[in-house]
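Novice: Here is a sequence with its predicted model. Questions after.
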Amino acid sequence: MVPEESVGSVETRMQSASLALEELLVTAQKQHCLTVGIYESAKLLNADPDSVVLCVLATDDEEDVALQIHFTLLQSFCCDSSINILRVSGVQRLRQLLGGVDANQNQEEIGDLHCMLVTNLQVDHYRLQEVGMYCQESRLLDQWVPELVLQEREQLNLWRNDRYGN
């Protein structure tokens, strides 16, 4: 039985996992261990599912039925293959993280950020362990596809200052 968590504890855990995910995605991109795009991700999952360690599904529009169908299929495949899955909102933040300095870059230049797969990193990245632990803890709480909200940099700095008293 999992003890009840306070709202503050859950919020802190989610913020910590969000920061870990951001750092993990940037590191994976630098190491060429990040596959971006629904089609590209499906091809990789078909060809080499054992190389995938994390699936990130991102949307800010829950009304897009076609996208939800893709997500359902990807989630099912990842669950069957024991791949950790995260659903995130904050596509604009992902563009900032993965698009470099210019957050206003054309989406085609960055790629389709709705689905991203992290493959085996060249080094054992501690942030991957942190994100994996968040996914595992969420499953223990019967949340099979955990959700995170990626916050804009200004909101994140306010949270850090509030948490650490900077």
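Specialist: Thanks, I have the structure now. Numbers count the residues shown, from 1 in each chain.

Novice: make it CA atoms for all contacts and neighbour counts henceforth
Specialist: Fine.

Novice: In the chain, where is pLDDT below threshold?
Specialist: Judged against pLDDT under 70, the low-scoring parts of the chain cover residues 1-8, 100-110, 123-124, 153-166.

Novice: May I ask which helix or strand encompasses the nearest residue to L24 once chain neighbours are set aside?
Specialist: Leaving aside its chain neighbours, L24 sits nearest to R127 (5.7 Å; criterion: C-alpha to C-alpha, 6 or more residues apart in numbering). Using DSSP states H and E, R127 falls within helix 126-140.

Novice: Give me the secondary structure label for the residue most central in space within the chain.
Specialist: The centroid of the chain falls nearest to V56 when counting by C-alpha atoms, centre = their mean (4.0 Å). Under DSSP: H, G, I helix; E, B strand; the rest coil, V56 falls in the strand class.

Novice: what's around the nearest residue to G37 once chain neighbours are set aside, how many residues?
Specialist: Once flanking residues are discounted, G37 sits nearest to D112: 4.5 Å by C-alpha to C-alpha, 6+ apart. Using other C-alpha atoms under 10 Å, D112 has 18 neighbouring residues.

Novice: And D112, which helix or strand is it part of?
Specialist: According to DSSP H and E, D112 maps onto no helix or strand at all.

Novice: if I pick it, what's in contact with it?
Specialist: D112 makes contacts with V36, G37, I38, as judged by C-alpha atoms under 8 Å, 6 or more residues apart in numbering.

Novice: Can you list which of these are found in strands?
Specialist: Among those, the ones falling in strands (DSSP state E) are V36.

Novice: any idea which of the contacts of D112 has the most stuff around it?
Specialist: Most surrounded of these: other C-alpha under 10 Å gives I38, at 21 neighbours.

Novice: That one contacts Q75, correct?
Specialist: No - counting by C-alpha atoms under 8 Å, Q75 is not a contact partner of I38; they are 11.9 Å apart.

Novice: Quickly note the distance from the residue nearest to the centre of the chain to E63.
Specialist: The spacing between V56 and E63, counted by C-alpha to C-alpha, to the nearest Å, is 18 Å.

Novice: S81 too?
Specialist: Computed with C-alpha to C-alpha, the distance linking S81 and E63 is 27 Å.

Novice: Mind naming the longest helix for the protein?
Specialist: In the chain, with assignment by DSSP state H, the single longest helix is helix 7-30.

Novice: Tell me, how many residues neighbour C115?
Specialist: 25.

Novice: This completes my enquiry, with thanks.
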